[in-house]
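**Q** sequence-free structure coming up:
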């Protein structure tokens, strides 16, 4: 299996990416890595981490890099030899079975959409983000790839998210919830109300509307939202977690007794921080692209890079995209039938 | 000043509401309370808290109560003598200058909209929720009254929120941010992009798009969103805060040393919890209604009830609604001019 890895993506590239490969090549002996980046810089780090001439790492040159400040569409046109674009082309041509980038999410969405296109029957790709709840994790889908969505987009996110969660969390029939502002099916905005009516008919484990406060209690394995609302939930949670650490530090350093207490318990706070960290998950899948694409966090460390490669390989072995296409086709047939029946009735 | 207080609203009604009055009548000597509820039950608690026959508390009978499980629109039609409906009627007739209810948000929005109507020039009322950031608080507007919004709704939320924040946080020129998924003005969904173009022209301190993670760092005093997204942010933050307490307990009780540390620092955790609590704020204003209406949290304790009355009285003294109408009129004139100029150009 060949995996294209964007060596230039993320805040600590290419060092963190190459360091992550030291683990990946050892842990995943069936994976060959196509390491895409500026040849000289990548070679320096391959040398540093003792990977020069590794039989399962092949360097692929990329002339430029998408910077985080670049506009997604502009960078796609202006930087035709960027590491993200080269990875997408390797995916399209079949030279790579999957791609991994800890880089610019917008640029990756733009490049893979244009170069690889979407899976047959899928209108829009969606970004799946794995978030923690009290007793495990759930997949938020879409976490930000599409700011304006139709009900059918959300239905397809549900189908893709359901299959991905089955693989990622190893649950046979994942509970799929629709992010809304009230539990009853009449609650929500126009988009969620219409989506609710469609999801009810499908062969997925749809558990209805889920409010934003109960998702953290673990009431669903997959949470469906348009990319605008999903991104607000994801970023809001990240921001609140960061501020909670800030507040904790403030209240724990107010006097000597609290400080001593905090020192005794300091391992607990490290564990608390780790709950939010997504290193073990590695990255967010861009589901619906004709090819496997895992996007890591900009701040990915070597462990996160290693785990993003693990997830990408798992998707290939699982036959993720074939399953998505099959289930989506089945669902589309059902929805067509429903539409016909409704037309006949009214 | 007369304030109608819904004695039957909230999880601890009417006990917590009447207990809150013991503080309110002492602290706000210029306020007369019209206490709306089931006469017998309210009289029992007035007796209990030594308020029977208090010169500034007048009982008003309400035949029924909106239960939390009631559908908003249904309860409005079916329970014409509910405490919420009676409060709204007192507000409409001018017998009360403001109303306070720690009850059913949906039913209150429905009742006040139908009975009191909106302020001249305001299309939709919006709910303002005060949320904590690292060094203070910000007003989220709309926190859930309108699930589907137009750009002009969001513009009016910005106008109303700006004036309310000036009063509530005592800041002369509150920074108004637009909740979006990226900092640049081209980022966002169709609704926020259109709203951005309008807000730029107005005499408010518009600071542009704000992402959900930076709101907790205090980059804006007012955060504008449609009620669906706003509610997701509010409920998501509540849920994550609750789960963080759950996770903290779990990691702090894992071994004896951590437990001793946590015991020494236990006051710090109490302080951390208090950051999220809204007792000091009292309630969320329903801005844009022709009348002052403060909606408390369902779990309001006596302190929260007392503070909701304080905020309601402050709105009346501040001349909140007159200011809203004036600023909205000024903004409408500007937007009409902008529209004319654009039409002339294209």
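**A** Yep, that arrived. Just so you know, these numbers come straight off a predicted model, no measurement behind them.

**Q** can you tell me if the lowest-mean-pLDDT helix or strand in chain A touches chain B.
**A** Every helix and strand of chain A was ranked by mean pLDDT, DSSP states H and E. The lowest is helix A:72-78, at a mean of 78. No - Helix A:72-78 is not in contact with chain B by C-beta under 8 Å from any C-beta of the partner chain; minimum separation 10.1 Å. C-beta here means a position set from N, CA and C on the backbone, and glycine is covered the same way.

**Q** from memory residue A:173 sits against residue A:205, does it?
**A** Yes - in this structure, residue A:173 is within contact of residue A:205 by C-beta atoms under 8 Å, at 4.7 Å.

**Q** Let me see the contact set for residue A:301.
**A** With contacts defined as C-beta atoms under 8 Å, 6 or more residues apart in numbering or on different chains, residue A:301 is in contact with A:12, A:16, A:20, A:279.

**Q** ranges for the helices of chain A?
**A** Remark: helices assigned in chain A by DSSP state H are A:15-27, A:39-48, A:72-78, A:83-93, A:105-115, A:151-168, A:190-199, A:227-252, A:256-264, A:266-276, A:302-318, A:320-345.

**Q** Who has more neighbours out of residue A:173 and residue A:205?
**A** residue A:205 (18 against 12; other C-beta atoms under 10 Å in any protein chain shown).

**Q** Dig out what that one forms beta bridges with.
**A** residue A:175 (DSSP bridges).

**Q** dump the residue contacts of residue A:251.
**A** For residue A:251, counting by C-beta under 8 Å, 6+ apart, the contacting residues are A:258, B:268-269, B:271-272.

**Q** give me the beta-bridge partners of the most centrally placed residue in chain A?
**A** Compute the mean C-alpha point of chain A, and by C-alpha atoms, centre = their mean the closest residue is residue A:284, 1.4 Å away. Note on residue A:284: beta-bridge partners by DSSP bridges are residue A:295.

**Q** who's in contact with it?
**A** Per C-beta under 8 Å, 6+ apart, neighbours of residue A:284: A:105, A:127-130, A:143, A:294-296.

**Q** Residue A:302 too?
**A** A:16-17, A:19-20, A:22-23.

**Q** how about 6 Å then?
**A** Contact analysis of residue A:302 by C-beta atoms under 6 Å, 6 or more residues apart in numbering or on different chains lists A:16, A:19-20.

**Q** who in the stretch 101-250 of chain A is up against chain B?
**A** With C-beta under 6 Å from any C-beta of the partner chain as the criterion, the stretch 101-250 of chain A meets chain B at residues A:134, A:147-148, A:181, A:189-190, A:211-213, A:216, A:228-229, A:231-233, A:235-240, A:243-244, A:246-247.

**Q** per the record, what domains does chain A have?
**A** Segmentation of chain A into domains, based on automatic domain parsing, reads A:1-122+A:288-321, A:129-278.

**Q** closest one to residue B:85 among these?
**A** domain A:129-278 (21.5 Å; C-beta to C-beta).

**Q** Could you work out which of the domains of chain A reaches nearest to residue B:79?
**A** domain A:129-278 (18.7 Å).

**Q** ok now that closest one, how far from the chain's centre?
**A** Relative to its chain's centre, domain A:129-278 lies at 13 Å (C-alpha atoms, centre = their mean, to the nearest Å).

**Q** May I ask you to confirm that residue A:151 is in contact with residue A:192?
**A** No - look at residue A:151 against residue A:192 with C-beta atoms under 6 Å: they stay out of range, at 8.6 Å.

**Q** For these two, indicate the residue with more neighbours.
**A** A count of neighbours by other C-beta under 10 Å puts residue A:192 above the other of residue A:151 and residue A:192, at 26 against 18.

**Q** how about that one, what does it touch?
**A** A:178, A:180.

**Q** next one: residue A:201
**A** A:334, A:338.

**Q** one step back: out of the contacts of residue A:301, grab the one that's most surrounded.
**A** residue A:20 (29 neighbours).

**Q** shouldn't residue A:88 be in contact with residue A:111?
**A** Yes - with contact defined as C-beta under 6 Å, residue A:88 reaches residue A:111; the gap is 4.4 Å.

**Q** can you count the residues close to residue A:218?
**A** 16.

**Q** Distance check, the closest residue to residue A:316 other than its chain neighbours against residue A:304.
**A** Leaving out its chain neighbours, the residue that sits closest to residue A:316 by C-beta to C-beta, 6 or more residues apart in numbering or on different chains is residue A:97, at 4.9 Å. According to C-beta to C-beta, to the nearest Å, residue A:97 stands 20 Å off from residue A:304.

**Q** Tell me where the model's unsure across the stretch 201-346 of chain A.
**A** Applying pLDDT under 70 to the stretch 201-346 of chain A flags no residue at all.

**Q** Which one, of the helices of chain A, ends up nearest to residue B:67?
**A** Using C-beta to C-beta, the nearest of those to residue B:67 is helix A:190-199, at 23.6 Å.

**Q** and residue A:252, what does it touch?
**A** A:258, A:262, B:265, B:268.

**Q** As a markdown table, those residues with neighbour count and distance to residue B:164 would be great.
**A** Shown next, in a markdown table, are the contacts of residue A:252 (neighbours: other C-beta atoms under 10 Å in any protein chain shown; distance: C-beta to C-beta, whole Å):
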| residue | neighbour count | distance to residue B:164 |
| --- | --- | --- |
| A:258 | 20 | 36 |
| A:262 | 21 | 38 |
| B:265 | 26 | 37 |
| B:268 | 24 | 32 |
